[in-house]
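Engineer: what follows is a predicted protein model with its sequence.
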Amino acid sequence: MEVPQQVMLSGVYKVTLNWSLMGNVGWQNWSAFSEFPIGISAEKQRTLNVNLHFSDTCQVAIGQQLRFAERFLWSAGFAYDSSTVSQANRVPVLAIDRQLRYGTGLQYEINRDVIAGAAWEFMDAGPGPYTARRGPLAGTLQGHYSTNYLNWVGVNVIWKFGSSGS
């Protein structure tokens, strides 16, 4: 799967020795993926292009990192992403609206070369209202998702090898 090109500008500001603020703004070129080929297997292969009406998206995010003990680093942040598809062109398969993302994580420095961590992210993908007009014979499918939420949990290990120890 190809991913759309993107431009992102990020920055970090060290407020104190143990506390940093971060932020970024970005843009993704989802409109380049509006035409999607669909193949029909038959004696004579047939391919149709479907226009998914994707729009470019923008993102704004803020976050912070706090070293609250010598070996512990806590991170937390919030991000907003605009919707890839307008309500008029949304389909039940991809009924994602704007996205609000909340995340937090904790890292523990086991020693100078090994850091272990865990993180959690919650995404509110909006109510995702959709209206799929299928023509005069198939009718219209209309609805929304009352809870359009996703959760991610991750664990990580950072192993620094070959470092000079500085």
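Structural biologist: Nice, I can see it. Numbering: from 1, shown residues only.

Engineer: low-confidence ranges in the protein?
Structural biologist: For the chain, the stretches flagged by pLDDT under 70 are 1-2, 163-166.

Engineer: name the residue most distant from the centre of it?
Structural biologist: Distance from the C-alpha centroid of the chain, by CA atoms, centre = their mean, peaks at Glu43 (40.2 Å).

Engineer: how much space separates it from Ser55?
Structural biologist: Computed as CB to CB, to the nearest Å, the Glu43 to Ser55 distance reads 38 Å. Bear in mind the C-beta positions are built from the backbone N, C-alpha and C, glycine included.

Engineer: wait, Ile115 touches Val157, no?
Structural biologist: Yes. The criterion here is CB atoms under 8 Å, and Ile115 meets it with Val157 at 7.2 Å.

Engineer: please say which of those two ends up with more neighbours.
Structural biologist: Ile115 (17 against 10; other CB atoms under 10 Å).

Engineer: mind checking the longest strand of the chain?
Structural biologist: strand 57-69 (DSSP state E).

Engineer: so after that strand, what's the next helix or strand?
Structural biologist: Going down the chain from strand 57-69, the next helix or strand is strand 72-81, by DSSP states H and E.

Engineer: name the helices or strands packed onto the helix or strand that that next one is followed by?
Structural biologist: Heading C-terminal from strand 72-81, the first helix or strand you meet, by DSSP H and E, is strand 99-109. Under the contact criterion of 3 or more CB pairs under 8 Å, 6 or more residues apart in numbering; DSSP states H and E, strand 99-109 touches strand 72-81, strand 114-124, strand 149-159.
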